[in-house]
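Colleague: Got a sequence here, can you model it:
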Amino acid sequence: MIKVLVAGFKGKMGATATKMVLDHEDFELVGVLDPFEEKNHLNELAEYKGSDVPIFKNKKEVVSVKPDVWIDFTIPAVAYENTRFAIENHISPVVGTTGLTEEQLSELTTLSKELKVGGLIAPNFAVGAVLMMQFAQKAAAYFPDVEIIELHHDNKLDAPSGTALKTAEMMSEVRQKKTQGHQEEKELLAGARGADFDGMKIHSVRLPGLIAHQQVQFGGVGEGLTIRHDSYDRSSFMTGVALGCEKVIHLDKLVYGLENLL
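Modeller: As a prediction, this is how the structure comes out:
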């Protein structure tokens, strides 16, 4: 039985992860973390009536229940400190919070190697999204002209999304270096052409009603190729989260991207 703690359990992704852990026969939910929750136990909340699980306000208190895995769906401002704390206390982090900097990722990876603590930071836990990124990387070797359009709900805090950045990074590894668009192109409104990543453009859409969607659009002479993934419900991410919880306890370092575990 894998003992799991969920940080950020009141958010939409955190709540979905909490319910997944409660329903999973191989997981034991030993605690949840939220510094602003007034209740002390989950069963004091209407949606968790049968769950006598402690609600922690301070991450230092979490160590008392000895979790094996720390699931983090919080916000970028606290995710780095949470993940560092988990690694320092030999708790394997499974992090879905995006917005961490390259420097922070590097520091956390180095620390995990030193302490031999496995972990996973994934910009997207949907298996279909991971396949979309891999297919896009394959296509980028043949179609250097490409733009990414990512679409998310209007409460998402970071732009571009972690998935879009990861996709661009993967494509840049195999893509012929090229700055797209006409050399005399001018933006009549700043940002009209999107963000630039190694010559590729990334466009972020934020609207209510959306969950998580990404379209990678390639253009060639006389043809085009579109690779798209849609998450219509947050439950689409839970297969990947569960897989992460099962796998990270057997690793000896932090990895970035669910594809490393598939």
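
Colleague: pLDDT at the residue lying closest to residue 212 once chain neighbours are set aside, what is it?
Modeller: The shortest distance from residue 212 to any non-neighbouring residue, by CB to CB, 6 or more residues apart in numbering, is to residue 231 (4.2 Å). The C-beta positions use only the backbone N, C-alpha and C, and glycine is treated the same way. Predicted confidence (pLDDT) at residue 231: the value is 95.

Colleague: what does residue 97 give?
Modeller: Taking residue 97 on its own, its pLDDT is 89.

Colleague: What is the three-state secondary structure of it?
Modeller: coil (DSSP: H, G, I helix; E, B strand; the rest coil).

Colleague: what's the answer for residue 134, then?
Modeller: For residue 134, the assignment made with three-state DSSP gives helix.

Colleague: one step back: how many residues are close by the residue nearest to residue 212?
Modeller: 20 (other CB atoms under 10 Å).

Colleague: Helices of the stretch 1-150 of the chain, start to end?
Modeller: 12-23, 76-88, 102-115, 127-140 (DSSP state H, counting those that start in this stretch).

Colleague: tell me the contacts of the residue nearest to residue 233 when sequence neighbours are not counted?
Modeller: Among residues not flanking residue 233 along the chain, residue 211 sits closest, at 6.6 Å (CB to CB, 6+ apart). Contact analysis of residue 211 by CB atoms under 8 Å, 6 or more residues apart in numbering lists 152, 153, 230, 231, 232, 233, 234.

Colleague: can you tell me how far residue 211 sits from residue 69?
Modeller: As judged by CB to CB, to the nearest Å, residue 211 and residue 69 stand 24 Å apart.

Colleague: Now stretch 107-115: buried residues?
Modeller: Neighbour-count burial for stretch 107-115 flags 108, 109, 111, 112 (criterion: 16 or more other CB atoms under 10 Å).

Colleague: How far does it sit from its chain's centre?
Modeller: How far stretch 107-115 lies from its chain's middle: 19 Å, per CA atoms, centre = their mean, to the nearest Å.

Colleague: and the residue of the chain positioned farthest from its centre, which of the three is it?
Modeller: Largest separation from the mean C-alpha position in the chain: residue 184, at 36.9 Å (CA atoms, centre = their mean). Put simply, residue 184 is coil when judged by three-state DSSP.

Colleague: pLDDT score for it?
Modeller: 91.

Colleague: switch to numbering from 860
Modeller: New numbering, starting at 860: the last item is residue 1043.

Colleague: residues contacting it?
Modeller: Not one residue lies near residue 1043 by CB under 8 Å, 6+ apart.

Colleague: Any stretches of the stretch 910-1059 of the chain with poor pLDDT?
Modeller: Within the stretch 910-1059 of the chain, no range satisfies pLDDT under 70.

Colleague: circling back to that earlier point, filter the contacts of residue 1070 down to the buried ones and hand me the ChimeraX line.
Modeller: Typed into ChimeraX, the next command selects the buried ones out of the contacts of residue 1070 (criterion: 16+ other CB under 10 Å):
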select :1011,1089,1090,1093
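
Colleague: Looking at the contacts of residue 1070, which are in strands?
Modeller: Counting by DSSP state E, the part of those found in strands is 1011, 1089, 1090.

Colleague: Just give the nearest non-adjacent residue to residue 1118, would you?
Modeller: Leaving aside its sequence neighbours, residue 1118 sits nearest to residue 989 (CB to CB, 6+ apart; 5.0 Å).

Colleague: To which secondary structure element is residue 1026 assigned?
Modeller: Taking DSSP states H and E as the definition, residue 1026 sits inside helix 1021-1031.

Colleague: Identify each buried residue in that helix, please.
Modeller: Within helix 1021-1031, the residues that count as buried by 16+ other CB under 10 Å are 1021, 1022, 1023, 1024, 1025, 1026, 1027, 1028, 1029, 1030.

Colleague: No further questions, thank you.
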